[in-house]
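Asker: predicted model, plus sequence, below.
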Amino acid sequence: MGKVFAIIALVGVPLSVIGNLLHWPTVMMFVVYCVTIVALASFMGRATESLAVVAGPRIGGLLNATFGNAVELIISIFALKEGLIEVVLASLTGSVLGNLLLVAGLSFFVGGLKFKRQKFNVFDARHNSGLLMFAIIVAFVIPEVFAQDMNETKTMSLSIGVSIILIALYLFALFFKLVTHRGVYQHDEEGQDHSHEEPEWGKGKALLILAISTAAVAYVAESLVHTFEVVGETFGWSELFIGVIIVAIVGNAAEHASAIIMAYKNKMDIAVEIAVGSTLQIAMFVAPVLVLISLFYETTMPLVFTLPELVAMVSAVLVTIVISNDGETNWFEGLTLLAAYLIMGIGFYLL
């Protein structure tokens with residue numbers, strides 16, 4: 001599979017450049033850009049997995065989530081520049097839904113087909129549950145409620161304040177997990193000796209591939225953003241659907257694949273850290289950073305989602321917390337999360 005993605009990337013990047021310069025049909029280029037980004041994301045995923053072998057499940061999962069979200073951050077920045085605020089907010093919603101329901105659901109389902117019961121760190125699960133409740137239900141719902149009685153200026157001021165608080169709390173959460181309480185709530189899997197595992201690539205090679213892949217994704221992502229309007233009109237897709245489903249899946253391709261592979265290998269601490277950790281990073285870091293970055297563009301982006309987006313995200317958080325809070329999972333729980341994702345996907349398509 002690695003060779004296939006390598007061929008796609010080697011062919012896709014030059015095609016993206018040539019097609020962009022020669023103005024090939026937009027719909028065709030949309031497909032080329034999406035496939036190329038997915039192929040490049042696979043390299044980012046493999047590189048972070050190599051680093052995870054050395055760094056351990058928590059830092060490995062964090063690295064995977066960070067570089068996976070870097071793709072979406074890049075796409076969103078270019079979309080902000082074009083004034084596509086609805087697409088950006090929808091892609092953030094899609095990332096939350098995709099990570100909590102699609103990525104976690106597929107991980108639990110695929111892993112559960114091979115193992116009857118899979119366990120992960122219950123203390124991390126409860127810690128993440130609290131942060132999910134805060135980030136989605138408090139920090140995202142409050143601006144929507146208060147914005148009903150505010151003008152645009154006050155709404156933006158509220159969004160900036162909430163964004164700064166979210167970023168600060170996220171950094172403190174990392175400090176808590178990786179420094180002050182590292183190893184305090186250790187799970188059996190984390191305590192095992194993984195020294196026999198050999199990373200696919202050395203540290204230097206992995207970092208080099210990450211840098212090259214990220215730069216290539218940045219170029220292709222900018223071209224992808226310019227196709228959204230034409231593609232939406234061609235297929236009858238709304239900006240909401242493009243953001244929630246298409247951009248979110250393409251932008252998070254790296255961690256999608258990595259989390260499923262880790263679950264299949266019964267490395268559930270890393271799989272859960274990728275799925276839930278990526279969601280927290282989107283909600284508590286990427287979204288607030290995009291709000292602050294939008295201040296430098298003509299159109300600013302308040303942290304105010306539509307009612308369907310909010311209800312979908314809150315529902316996803318509650319379902320995930322109920323399923324994962326016991327620190328173990330099986331294939332049926334994964335199927336439940338996937339069913340929830342399909343229901344929401346149908347809803348957003350029909351809006």
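Answerer: That came in fine, so what should we check first? Numbering: from 1, shown residues only.

Asker: which secondary structure element of this protein has the lowest mean pLDDT?
Answerer: When the helices and strands of the chain are scored by mean pLDDT, DSSP states H and E, helix 188-191 comes last with a mean of 51.

Asker: could you point out which element follows that helix?
Answerer: Per DSSP states H and E, helix 188-191 leads on to helix 203-225 as the next helix or strand towards the C-terminus.

Asker: now whichever helix or strand comes after that next one and helix 203-225, what's the angle there?
Answerer: Sequence order places helix 228-235 as the next helix or strand after helix 203-225, per DSSP H and E. Relative orientation of helix 228-235 and helix 203-225, computed by axes from the mean of the first three to the mean of the last three CA atoms, to 10 degrees: 60 degrees.

Asker: and the closest residue in space to residue 284 that isn't next to it in sequence, how many residues sit next to it?
Answerer: Once flanking residues are discounted, residue 284 sits nearest to residue 170: 3.8 Å by CB to CB, 6 or more residues apart in numbering. From N, CA and C alone the C-beta is placed, and that goes for glycine too. The tally of other residues near residue 170 (other CB atoms under 10 Å) stands at 19.

Asker: how about residue 135?
Answerer: Other residues within reach of residue 135, judged by other CB under 10 Å, total 26.

Asker: how about the residue nearest to it when sequence neighbours are not counted, secondary structure?
Answerer: Computed as CB to CB, 6+ apart, the closest residue to residue 135 that is not its neighbour in sequence is residue 283, at 3.9 Å. Recorded secondary structure, residue 283: helix (DSSP: H, G, I helix; E, B strand; the rest coil).

Asker: so residue 283 sits against residue 97, correct?
Answerer: No. Residue 283 is not in contact with residue 97 according to CB atoms under 8 Å; the separation is 11.6 Å.

Asker: for the stretch 51-200 of the chain, what spans make up the helices?
Answerer: Using DSSP state H, counting those that start in this stretch, the helices found in the stretch 51-200 of the chain span residues 57-81, 85-97, 104-114, 122-132, 141-147, 152-175, 188-191.

Asker: who's in contact with the second one?
Answerer: Contact with helix 85-97 is made by 69, 72, 75-76, 79-80, 136, 228, 239-245, 247-249, 251-252, 278-279, 282-283, 286-287, 290, 294, 299, 301, 304-306, 309, 312-313, 316-317, 341, 344, as judged by CB atoms under 8 Å, 6 or more residues apart in numbering.

Asker: buried subset of those residues, written for PyMOL?
Answerer: Under the burial definition 16 or more other CB atoms under 10 Å, those of the contacts of helix 85-97 that qualify are selected in PyMOL by:
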select buried, resi 69+72+75+76+79+80+136+228+239+240+241+242+243+244+245+247+248+249+251+252+278+279+282+283+286+287+290+294+301+304+305+309+312+313+316+317+341+344
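
Asker: among the contacts of helix 85-97, name the ones in helices.
Answerer: Filtering the contacts of helix 85-97 for membership in helices, criterion DSSP state H, returns 69, 72, 75-76, 79-80, 228, 239-241, 248-249, 251, 278-279, 287, 290, 309, 312-313, 316-317, 341, 344.

Asker: sketch out the low-pLDDT regions of the stretch 251-351 of the chain for me.
Answerer: Judged by pLDDT under 70, the stretch 251-351 of the chain has its weakly predicted residues at 251-255.

Asker: for the chain, same thing?
Answerer: Residues of the chain that meet the criterion pLDDT under 70 lie in 1-2, 55-58, 60-61, 64, 183-197, 251-255.

Asker: surely residue 284 meets residue 135?
Answerer: Yes. Using CB under 8 Å, residue 284 is in contact with residue 135, at 5.0 Å.

Asker: which neighbours do the two share?
Answerer: With CB under 8 Å, 6+ apart as the test, residue 284 and residue 135 both reach residue 166.

Asker: how near is the closest residue to residue 103 other than its chain neighbours to residue 282?
Answerer: Excluding its sequence neighbours, the residue lying closest to residue 103 (CB to CB, 6+ apart) is residue 275, at 4.5 Å. Shown here: residue 275 relative to residue 282, a distance of 11 Å by CB to CB, to the nearest Å.

Asker: shared neighbours of these two, anything?
Answerer: Shared contacts of residue 275 and residue 282 (CB under 8 Å, 6+ apart): residue 99.

Asker: residues near the closest residue to residue 116 other than its chain neighbours, how many?
Answerer: Spatial nearest neighbour of residue 116, excluding adjacent residues (CB to CB, 6+ apart): residue 330 at 6.8 Å. Neighbourhood size, residue 330 [other CB under 10 Å]: 17.

Asker: quick check on residue 330: phi, psi?
Answerer: For residue 330, the backbone dihedrals (degrees, to the nearest 10) come out as phi -150, psi 180.

Asker: list the contacts for it?
Answerer: Residue 330 makes contact with 108, 112, 116-118, according to CB under 8 Å, 6+ apart.

Asker: neighbour count and distance to residue 30 for these - can I get that in CSV?
Answerer: Shown next, in CSV, are the contacts of residue 330 (neighbours: other CB atoms under 10 Å; distance: CB to CB, whole Å):
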residue, neighbour count, distance to residue 30
108, 31, 31
112, 19, 35
116, 8, 42
117, 9, 42
118, 23, 37
